[in-house]
Structures are given as structure tokens and as C-alpha cells.
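Asks: Below are the sequence and a predicted model; questions follow.
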Amino acid sequence: MVALYDKRADLPVSVFVDLLAAAREHIDILVYAAVFLHEAYPRLNDLLRERAAEGCNVRIAVEDADSANVQQRGKEEEFGHGIESRCRLALMHYRPLLTVPGIEMRTHGTTLYNSLYRADDQLLVNAHVWGVNAYGAPVRHLRRNNDGGMFNTYADSFNAVWETARPVAG
């Protein structure tokens, strides 16, 4: 483990940006919406395009706004339809990347226990806590070690969700 943060809101957006900017092989993003990234760093799509142009494989999985899990999460957070609109907004932000070689985008309908932000051998894991918005929940910064350990558990989780997710239509 590299670091532990009490709340995602405690992390400067530069932690996310620096992590993604350093990626050379893989960027994997698994979220309900994570619109905070685009709002705090308007060049996010440019950064992802640059990484893909240099050979980095980028995979982005956003929650399907119409899934039962989004409805349930909205009730738990007492945020109502807010999470649905954030999922739709996330797709609007990412939509310009649909035709970029090296970038794939899908929607999933799974229950997310964590949002994942992977860049090569580093991973930010934003825990989801019942009734708490993601910005108020803890984040673990992991680095892959020789035996894989916790890092591989989360990377495998991403892959499992990715396999069930549907490509976003252009």
C-alpha cells in the first residue's frame, strides 16, 4: 500500500492526473460516474487521447444510468436521481473518445463496491460506503508487488466487470 486517504475529497485531483499521465501500458477506470475528474481537470479527455496515441490501452466503464443498481445507490445515498444524472453526464464527457483508437468505453450494471482508477502497476481504490457519497469515502493507493496481492484482486475485479459490460454505441 502506498497511501490511505480518509476521504476521496482529501486527494488533490493532481493525484489522479499524475497517476494517469504516468501510464504507459494500461489505464482502467471503473466508476458509477466520477464526473469530478472532468470537472476538476477539463483536459482529461486530451490526456487519455495522448496516452492512447502513445500505445496505452484505455478502458473506461461507467455505470448504466438505467440499471437497478443506480436506482438503489441513489436511495442509499439519499441523493435520489442525482446519481442517474451523473452517470449520463459522465457518458457525455467521455463520448468524444468513442472513436479514438486505443480507447474503449462500456457501461455496466453491476453493484460497485469500489471505484477503480488503474494506471499500469498503480491503483486508486475509492471504497463505496453505504449511505455515503464517494467523495466522503476512503481511498487506498496501491502498487502491485511481486506476488500481486491486493492489487491483483482489484485488477481481476475490473476485468470481471469489463467482461459483463456493454460497449457504448457511437
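Replies: Received the coordinates, thanks.

Asks: contacts, neighbours, all on C-alpha from now
Replies: Will do.

Asks: Helices along this structure, start to end?
Replies: Here the chain has its helices, by DSSP state H, at 13-21, 35-40, 44-53, 68-76, 82-94, 149-164.

Asks: Ok, which of those helices comes nearest Tyr135?
Replies: helix 35-40 (9.0 Å; CA to CA).

Asks: and that closest one, what does it pack onto?
Replies: Contacts defined by 3 or more CA pairs under 8 Å, 6 or more residues apart in numbering; DSSP states H and E place helix 35-40 against helix 82-94.

Asks: Can you list the helices and strands that the helix it packs on packs against?
Replies: Partner elements for helix 82-94 (3+ CA pairs under 8 Å, 6+ apart): helix 35-40, strand 57-63, helix 68-76.

Asks: Kindly reformat the ones you listed as JSON lines containing mean neighbour count.
Replies: Output for those, formatted as JSON lines (neighbours: other CA atoms under 10 Å):
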{"stretch": "helix 35-40", "mean neighbour count": "15"}
{"stretch": "strand 57-63", "mean neighbour count": "23"}
{"stretch": "helix 68-76", "mean neighbour count": "18"}
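
Asks: For Pro138, find the nearest of these.
Replies: helix 35-40 (15.7 Å).

Asks: can you list contacts of that closest one?
Replies: Helix 35-40 is contacted by residues 13, 44, 86, 89-90, 93 when judged by CA atoms under 8 Å, 6 or more residues apart in numbering.

Asks: cool, stretch 49-61 as well?
Replies: Contacts of stretch 49-61 (CA under 8 Å, 6+ apart): 21, 23-31, 48, 97, 100-108, 162, 165.

Asks: that older thread, between the contacts of helix 35-40, which has the most around it?
Replies: Greatest neighbour count in the contacts of helix 35-40, by other CA atoms under 10 Å, goes to Ala90: 22 neighbours.

Asks: where does that one land on pLDDT?
Replies: At Ala90, the model reports a pLDDT of 93.

Asks: do the same with the one 5 residues further on
Replies: The predicted structure scores Arg95 at 95 on the pLDDT scale.

Asks: ok, and the closest non-adjacent residue to it?
Replies: Excluding the flanking residues, the one nearest Arg95 by CA to CA, 6 or more residues apart in numbering is Gly170, at 7.8 Å.

Asks: Would you check that Thr83 makes contact with Val70?
Replies: Small correction: residue 83 is Ile, not Thr. Yes: at 6.7 Å, Ile83 and Val70 qualify as touching, with contact defined as CA atoms under 8 Å.
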